[in-house]
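Chemist: Sequence plus the predicted model coming up.
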Amino acid sequence: MLEYERDLWQSGIRFVAGIDEVGRGCLFGDVVAAAVILPEGCEIEGINDSKKLSEKKREELYPIITERALGIGIGCVSASVVDSINIKQAARLAMKKALEQLSESVVPDYLLVDAEKVDSSIRQLAVIHGDALSQSIAAASIIAKVTRDRLCLQWDMEFPEYGIAAHKGYATKAHREAILEYGACPLHRKTFLKGLLNEQLELF
């Protein structure tokens, strides 16, 4: 998973940032992105696309990544913004916010982005399935996923009727049934609900 990074390091590029986002397909809550720069030559065993790792494994890798990274940035975009600008633009905005936070500590020389383009003048490459092909992007996906899962635990305490801690805001049967029973809350993405639920909901 270091092929992209090695090519860049060998060309003299030192600070390579991997960028990825999570929560794009959720009905509830923020879309969260992370930007991670790992040191040149760094290889962390077990890193992979966060979707292919168990929650336990992600939690094990999270402190290793944060300890070894030269810099990490996190970007969050709320459900209301997702509704106002659409999910694709919201994901890009989250990535931009993550990059901006990262750049406060370490300014990257090059960006490896999971299948997207970030609004930045920094040279970049969109890598299809990048979270499975680039260690830097995979590290970002793990940081973003753990961050969002922890937010889900907080949201679950605020809105326990939806079971967010269990399904993390995705469109599971239990989540859909809860929305039908209780209506949507302020953290639901209203534009997502219209296409997924056929029954009339009280959207507020």
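Modeler: Thanks, I have it.
Chemist: how about the helix or strand bottoming out on mean pLDDT in the chain: buried residues?
Modeler: Using mean pLDDT, DSSP states H and E, the weakest-scoring helix or strand in the chain turns out to be helix 190-196, at a mean of 83. Along helix 190-196, these residues count as buried under the neighbour rule (16 or more other CB atoms under 10 Å): Lys190, Phe192, Leu193. Placement of C-beta: from N, CA and C, glycine included.
Chemist: before we move on, what about stretch 165-184?
Modeler: Across stretch 165-184, burial judged by 16+ other CB under 10 Å covers His167, Lys168, Gly169, Ala171, His175, Arg176, Ala178, Ile179, Ala184.
Chemist: Inside helices: which ones of the residues you listed?
Modeler: Under the assignment DSSP state H, the buried residues of stretch 165-184 contribute His167, His175, Arg176, Ala178, Ile179 to helices.
Chemist: Now tabulate those residues in CSV and tack on distance to Met1.
Modeler: Listed next are these as CSV, based on distance: CB to CB, whole Å:
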residue, distance to Met1
His167, 29
His175, 33
Arg176, 36
Ala178, 38
Ile179, 38
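Chemist: Closest to Pro39 out of the residues you listed?
Modeler: The nearest member of those to Pro39, counting by CB to CB, is His167 at 36.1 Å.
Chemist: Give the full set of residues in contact with the closest one.
Modeler: Ala174, His175 (CB atoms under 8 Å, 6 or more residues apart in numbering).
Chemist: Kindly report the same for Gly18.
Modeler: The neighbourhood of Gly18, defined by CB under 8 Å, 6+ apart, consists of 35-38, 111-114, 130, 134-140.
Chemist: what residues does stretch 44-61 touch?
Modeler: Residues from elsewhere that reach stretch 44-61, judged by CB under 8 Å, 6+ apart: 1, 20, 22, 38, 64-65, 68, 129, 131-132, 135, 138-139, 141-142, 144-146, 149.
Chemist: how about 6 Å then?
Modeler: The contact list for stretch 44-61 (CB atoms under 6 Å, 6 or more residues apart in numbering) reads Ile64, Asp131, Ala132, Gln135, Ala138, Ala139, Ser141, Ile142, Lys145, Val146.
Chemist: can you check stretch 99-106 too?
Modeler: Contact partners of stretch 99-106, identified using CB under 6 Å, 6+ apart, comprise Phe15, Ala35, Ile37, Leu70, Gly71, Gly73, Val118, Ser120.
Chemist: Of these, which belong to strands?
Modeler: Those of those mapping onto strands are Ala35, Ile37, Gly71, Gly73, per DSSP state E.
Chemist: partner residues bridging the first one?
Modeler: Translated: Ala35. Beta bridges link Ala35 to Ile19, Gly73 when assigned by DSSP bridges.
Chemist: before we move on, back to that, same list, the buried residues of helix 190-196, but as TSV with distance to Asn48 please.
Modeler: Shown next, in TSV, are the buried residues of helix 190-196 (distance: CB to CB, whole Å):
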residue	distance to Asn48
Lys190	34
Phe192	28
Leu193	32
